[in-house]
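>>> 3D model of this:
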Amino acid sequence: MTPAINLLKKTNVEFKILQFEHDPNDNDFANEAATKLNLDREKVFKTLLIEVDGQLYVAVSPATKQVDLKAFAKACEGKKAQLAEQLYAQKVTGYLVGGISPFAQKKQLPTLLHESALSFEQVYVSAGKRGVEVAISPTDIKAICKAKIACF
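So this is what the prediction gives:
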């Protein structure tokens, strides 16, 4: 079990673990999950670390869309946003890129959940390991991560 799954078990929220064999040559992690698990792509969300004016934030964003960094910075009441470097993201979260979960990171960072998630009963996010996803309610993501809802 990953730290993310262990945390979800402790919170007693409803979730489902979905697993697939990750291809180490595939770096489009969310698309690979959607394809191999036959998921609705609109419901697959990626977890990114974004630096806004020197502070790290977590973005839980639709995998089908690119994050608008200006809109993300504005949602964080900042001016400039950029993706965190991969090695830094791994060090800060304790997860490998492609398996970064919004749950049970080494340090809880301010989290923004894309508003589109709320239009679904459940969405799919990484469970903390490449090849492992969880199906979970976006309202549970919001509560567990103390996430702010935003459009970015």
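>>> quick one, what contacts the residue nearest the centre of the chain?
In the chain, the centroid-proximal residue (C-alpha atoms, centre = their mean) is residue 47; its distance is 2.4 Å. Contact analysis of residue 47 by C-beta atoms under 8 Å, 6 or more residues apart in numbering lists 58, 59, 60, 100, 101, 102, 125, 126. Just so you know, the C-beta spots here come from the backbone N, C-alpha and C atoms, and that holds for glycine as well.
>>> what about 10 Å?
Taking C-beta atoms under 10 Å, 6 or more residues apart in numbering, we find residue 47 in contact with 4, 29-30, 58-61, 63, 89, 93, 95, 97-103, 105, 111, 125-126, 128, 145.
>>> just the ones of these in strands?
Members of the contacts of residue 47 lying in strands (criterion: DSSP state E): 58, 59, 60, 61, 111, 125, 126, 128.
>>> pull the residues that contact the worst-scoring helix or strand of the chain on mean pLDDT.
Least confident helix or strand of the chain, by mean pLDDT, DSSP states H and E, is helix 29-37 with a mean of 94. Residues outside helix 29-37 that contact it (C-beta under 10 Å, 6+ apart) are 18-23, 26, 28, 39-47, 61-64, 96-100, 124-126, 130-133, 135.
>>> and stretch 64-78, average pLDDT?
Averaged over stretch 64-78, pLDDT sits at 97.
>>> swap that for stretch 38-46, please
On average, stretch 38-46 scores 97.
>>> stretch 5-21 now?
On average, stretch 5-21 scores 97.
>>> okay, helices next: where are they in the chain?
Using DSSP state H, the helices of the chain run over residues 3-11, 29-37, 69-75, 86-93, 138-145.
>>> closest to residue 53 out of those helices?
helix 69-75 (7.4 Å; C-beta to C-beta).
>>> by contact count, what packs against that closest one?
Helix 69-75 makes packing contacts with strand 45-52, strand 55-62, strand 81-83, strand 111-114, strand 148-150 when contacts are defined by 3 or more C-beta pairs under 10 Å, 6 or more residues apart in numbering; DSSP states H and E.
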